[in-house]
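Visitor: Here is my input; please provide its structure:
(chains A and B, ligands or ions: 2)
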Amino acid sequence: MNQTVRDSSPSQPAWFRNKRTARPLIVARWVPVALVGLPVAVLLAIVIYPTIWMFYHSLRDTNIQGLFMGSHEYIGFQNYATVIGSDRFQQSLIHLVQYLTFGACLQVLIGTVLALTLYEFVKSNALRTAILIILVLPMMLPPSIVGVLWRFLLTPSNGAVNQALLNIGLIKNHIEWFNAGVSLWSIIIADIWNWVALPLLIVYSGRVSLPPAVYEAARVDGAGQWKVMRRITLPMLKEVIAIAFILRFTDAFKFVDLVYIMTSGGPAQSSELPTYIAFQRGIREFAIGEAAAYAIVIFAISAVIITLFLKYMKRVMKAQGLA
Amino acid sequence: MSQVSLREVNKIYGEGAGRVHAVQDLNLEIGDGEFVALLGPSGCGKTSTLRMIVGLETITSGDIFFDGRNISRLEPQDRNVAMAFETYALYPNFTVEENLAFPLEVRGVVEATRRSKVREIAEILRISDILGSHPSELSGGQQQRVSLGRALIREPSVFILDEVMSHLDAHLKFRMLFDLKRLHRELKRTMVYVTHDQVEALALADRVAVMSNARMQQVGDRNTLYNRPANVFVADFIGEPPTNFFRARVVADDSRLTLAVEDSDLVLVPDEGTAAALKRSEPKSVIAGIRPQNLNLSDKPVALNARVAINEYLGERSMLTVYNGSIRFRALAPPETRISRGEAVRLGYDPANVMVFDPETELLIS
Ligand SMILES: Nc1ncnc2c1ncn2[C@@H]1O[C@H](COP(=O)(O)OP(=O)(O)OP(=O)(O)O)[C@@H](O)[C@H]1O
Ligand SMILES: [Mg+2]
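Guide: Residues are numbered from 1 along each chain as shown, chains lettered A, B, ... in the order given. Ligands and ions are numbered 1, 2, ... in the order given. Reported below is the predicted structural model:
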């Protein structure tokens, strides 16, 4: 029945019909299985399995020797108790909050302001593109280069930043960029420079895709630029800005590179983030069980934060009748 | 309240190969509180004209005046016009209520007044039940009414309404036309209403401006457009079914002047005024036109003889498609008319209803 319909259809050329009937059916059967199966297998191998493995060891007294000898024992939640009870971890949580607020959030804020300023005030397309390229350049550098570059720029005695600040007259003495209490700020500054273009790009592309007709309506309705920004542009960009936040926040939880290169968490652990401690305990000091507990705790914190963001996005979209 | 005048307005989009002359030497005077409909086929430049009045599009050349004041270079914010967009352009992040209230919010109207005004306008447009919805949840017709409401809620000097009823069903459209007309009478404000539906235009407007091919063809009330169309385009565009046009030779002897239709033995007799005009300008041939409405099965002194090709029943009347020689044309008859194919008919007309146009310029000769 179907066959006759298909054959009589003039919209399908002859070569297509022949192909359909000549091809053995078995091909069609394993293709979808392979297409879905392979990625699932890869996911299992590189995400699910390590996560389960890590959770398993977070409950055991594994160290590097025990790992290779296969000699480790179940110790319940003792690793978690060690992690959560340690001053080092609690201190690093404060650092994390500091980094999230002044690193990630400030990046999104600056990125948003830059993106909207660029869109509203630079009308020439060539100039816009040029500015965008310049702003995006730092993002293309590998973290090792960024770290070395900023360590160099922030060198207290004769670094470019201190020299510049002295010359302008903003400061009278050198800032000791890598002393306790300042070093985390140095990392944050370098990270802002490195990543501010990401939220900028996201918000800029979001702004570009907003319907121009709405802005014409607002002009005819008599709304001034500030009113339009506050009542129309920013509300319409809510989801996009939330996405920028999510991206920068997820990055915050795997943020090790600049810490490692610029300060190694120092001096005296004053610029350590939780992930850096996990890295330090596991890879450097071989306390596999404890590092695994760190990783699980970090995972839990990030999961809570990201879930909150997604909830917020869903609410925003629901409020606009989009979901 | 404002009087609007457009003087020699031109709009050219782009340049080089992509250049579009969308509005050409357009002149239009709109009186204070007048309701003018801008009528024309798709792409003739109606929206472009409106966008220049509102200030969303720069004027390539020419000027626009509100009450004698040149506003050509003012921002839309400073012109005090309200516009309902063809594409609705609702604020997607606002509810219907917030959309309607926004123009008032911008003007600093207090919350309570905003609310009552929104209720009032929603009542008229029959959207009270969707005030809490967002635009993405609405049908095309509902969005269109919200967009119309957002324009009507203000008290501007000029209302600009761009095809605000194209998505409504006939029944709703009829009631809304009535309400809009009433609203105009109450507000006594200048309104420019764009449409390509001539029924809408003729029903609503004090005067209708007919555009085609970027140019203004004729501005006038219903009777003028219908009975004295300025050119072939207007005669063809206004009226349904469209006017019958014939190429005809002018045959003048001492006593009278007649028009002999080519490729047939039809003869049209114009009235005295037109005949006199033809005698003055002495063209050899003309384009003659007569509306199907003005050709009836009756024993008027002058008539066209033809045979019936098709007899279509249109509900309130029958439309006869008839032929004579190789010429086909249409006439209207009462609905119960029983005539079959090939039958000979005599279609009487009033000489006053014969329109004559110059074959080159296509302008009315009168
Ligand atoms: N922004 C633009 N850039 C280039 N050409 C344009 C632009 N806007 C309109 N045009 C052209 O100008 C002409 C007139 O367009 P306009 O939108 O004024 O027509 P309209 O009479 O409103 O038609 P419709 O009834 O379909 O809405 C069209 O040929 C169109 O292609
Ligand atoms: Mg249009």
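Visitor: which stretches of the chain have low pLDDT?
Guide: Reading this off chain A. A:1-27, A:321-323 (pLDDT under 70).
Visitor: think we crossed wires, I meant chain B
Guide: Within chain B, the segments meeting pLDDT under 70 span B:1.
Visitor: mind redoing it with 80?
Guide: Applying pLDDT under 80 to chain B flags the ranges B:1, B:254-255.
Visitor: how about the residues of it that lie near ligand 1?
Guide: For chain B, the residues found near ligand 1 under the criterion Cβ under 6 Å from any ligand atom are B:13-14, B:20, B:22, B:40, B:42-48, B:86, B:196. Using the backbone N, CA and C atoms, a C-beta is placed for each residue, glycine as well.
Visitor: Name the member of the residues you listed that has the highest neighbour count.
Guide: Counting neighbours by other Cβ atoms under 10 Å in any protein chain shown, B:G40 comes out on top of the residues of chain B next to ligand 1 with 26 neighbours.
Visitor: List the backbone torsions phi and psi for it.
Guide: Dihedral angles of B:G40 (phi, psi; degrees, to the nearest 10) stand at phi 180, psi 160.
Visitor: now swap in A:Y56 and tell me
Guide: Main-chain dihedrals, A:Y56, degrees, to the nearest 10: phi -60, psi -50.
Visitor: Now do the contacts for it.
Guide: Contacts for A:Y56 (Cβ atoms under 8 Å, 6 or more residues apart in numbering or on different chains) come out as none.
Visitor: What spatial separation is found between it and chain B?
Guide: As judged by Cβ to the nearest Cβ, to the nearest Å, A:Y56 and chain B stand 47 Å apart.
Visitor: what helices or strands is the helix or strand that contains B:F233 leaning on?
Guide: Using DSSP states H and E, B:F233 falls within helix B:232-237. If contacts are counted by 3 or more Cβ pairs under 8 Å, 6 or more residues apart in numbering or on different chains; DSSP states H and E, helix B:232-237 sits against strand B:207-212, strand B:215-220, strand B:244-252, strand B:285-290, strand B:355-357.
Visitor: element containing whichever residue of the stretch 1-150 of chain B sits closest to ligand 2, please.
Guide: In the stretch 1-150 of chain B, the residue found nearest to ligand 2 is B:T47; the distance is 3.1 Å by Cβ to the ion. Using DSSP H and E, B:T47 falls within helix B:46-54.
Visitor: Check which helices and strands that helix sits against.
Guide: Short answer (3+ Cβ pairs under 8 Å, 6+ apart): helix B:46-54 packs on strand B:4-13, strand B:20-30, strand B:35-39, strand B:81-84, strand B:158-162, strand B:190-195.
Visitor: Go again with 6 Å.
Guide: In terms of contacts (3 or more Cβ pairs under 6 Å, 6 or more residues apart in numbering or on different chains; DSSP states H and E), helix B:46-54 is packed against strand B:20-30, strand B:158-162.
Visitor: who's in contact with it?
Guide: With Cβ atoms under 6 Å, 6 or more residues apart in numbering or on different chains as the test, helix B:46-54 has contacts from A:220, B:11, B:22-23, B:38, B:40, B:57, B:59, B:76, B:81, B:83, B:160, B:162, B:194.
Visitor: ok, and the most crowded of those?
Guide: Counting neighbours by other Cβ under 10 Å, B:M83 leads those with 30 neighbours.
Visitor: mind listing what it touches?
Guide: By Cβ under 6 Å, 6+ apart, the neighbours of B:M83 are A:220, B:54, B:151, B:160.
Visitor: Quick check: the farthest pair among these?
Guide: Greatest spacing in these, by Cβ to Cβ: B:V54 and B:A151 (10.6 Å).
Visitor: Stretch B:202-212: end-to-end distance?
Guide: One end of stretch B:202-212 to the other measures 17 Å (Cα to Cα, to the nearest Å).
Visitor: Show me what from the stretch 1-150 of chain B comes close to chain A.
Guide: Proximity of the stretch 1-150 of chain B to chain A, by Cβ under 6 Å from any Cβ of the partner chain, involves residues B:54, B:56, B:76-77, B:83, B:87, B:89, B:91, B:93, B:102-103, B:106, B:134, B:136-137.
Visitor: If any of those residues are buried, give me the PyMOL selection for them.
Guide: In PyMOL, a selection of the buried entries from the residues of the stretch 1-150 of chain B next to chain A looks like this (16 or more other Cβ atoms under 10 Å in any protein chain shown):
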select buried, chain B and resi 54+56+76+77+83+87+89+91+93+102+103+106+134
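Visitor: Tell me the one of the residues of the stretch 1-150 of chain B next to chain A nearest B:V219?
Guide: Of the residues of the stretch 1-150 of chain B next to chain A, the one sitting nearest to B:V219 (Cβ to Cβ) turns out to be B:V54, at 19.9 Å.
Visitor: Can you tell me how far the closest one is from B:R79?
Guide: 7 Å (Cβ to Cβ, to the nearest Å).
Visitor: Could you do A:E73 as well?
Guide: 82 Å.
Visitor: Ok, A:R231 next?
Guide: Relative to B:R79, A:R231 is positioned 21 Å away (Cβ to Cβ).
Visitor: ditto for B:F94
Guide: B:F94 sits 23 Å away from B:R79, going by Cβ to Cβ.
Visitor: re the thing from before, for B:Q142, find the nearest of the helices and strands packed on helix B:46-54.
Guide: Closest to B:Q142 of those is strand B:158-162 (Cβ to Cβ; 16.8 Å).
Visitor: Can you pick out the residue with more neighbours from A:E73 and B:R79?
Guide: Per other Cβ under 10 Å, whichever of A:E73 and B:R79 has more neighbours is B:R79, with 21 against 10.
Visitor: Quick check, the more buried one in contact with B:N70.
Guide: No: contact criterion Cβ atoms under 6 Å: B:R79 and B:N70 do not qualify, at 11.4 Å.
Visitor: Which one of the residues in chain A is closest to ligand 2?
Guide: When scored by Cβ to the ion, chain A has A:A213 as its residue closest to ligand 2, at 12.6 Å.
Visitor: what's the burial count for that residue?
Guide: Residues contacting A:A213 under the criterion other Cβ under 10 Å number 15.
Visitor: Touching, it and B:A89? I think so.
Guide: Yes: under the criterion of Cβ under 6 Å, A:A213 makes contact with B:A89 at 3.8 Å.
Visitor: re the thing from before, JSON lines please, covering the helices and strands packed on helix B:46-54 and showing distance to B:A331.
Guide: Shown next, in JSON lines, are these (distance: least, Cβ to Cβ, whole Å):
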{"stretch": "strand B:20-30", "distance to B:A331": "36"}
{"stretch": "strand B:158-162", "distance to B:A331": "36"}
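Visitor: The ones you listed: which one's closest to B:F65?
Guide: strand B:20-30 (9.5 Å).
Visitor: Need the residues that contact the closest one.
Guide: Contacts of strand B:20-30 (Cβ under 6 Å, 6+ apart): B:4-6, B:8-9, B:11-13, B:36, B:45, B:48-49, B:190, B:209, B:214-216.
Visitor: one more time with 8 Å, if that's ok
Guide: Under Cβ under 8 Å, 6+ apart, the answer for strand B:20-30 is B:3-14, B:36, B:45, B:48-49, B:52, B:62, B:190, B:192, B:209, B:211, B:213-216, B:219.
Visitor: buried set for the longest helix that chain A contains?
Guide: The residue-count maximum for a helix in chain A (DSSP state H) belongs to helix A:288-319. Under the neighbour-count criterion of 16+ other Cβ under 10 Å, helix A:288-319 has A:288-298, A:302, A:305, A:313, A:316 buried.
Visitor: Nice, that's everything, thank you.
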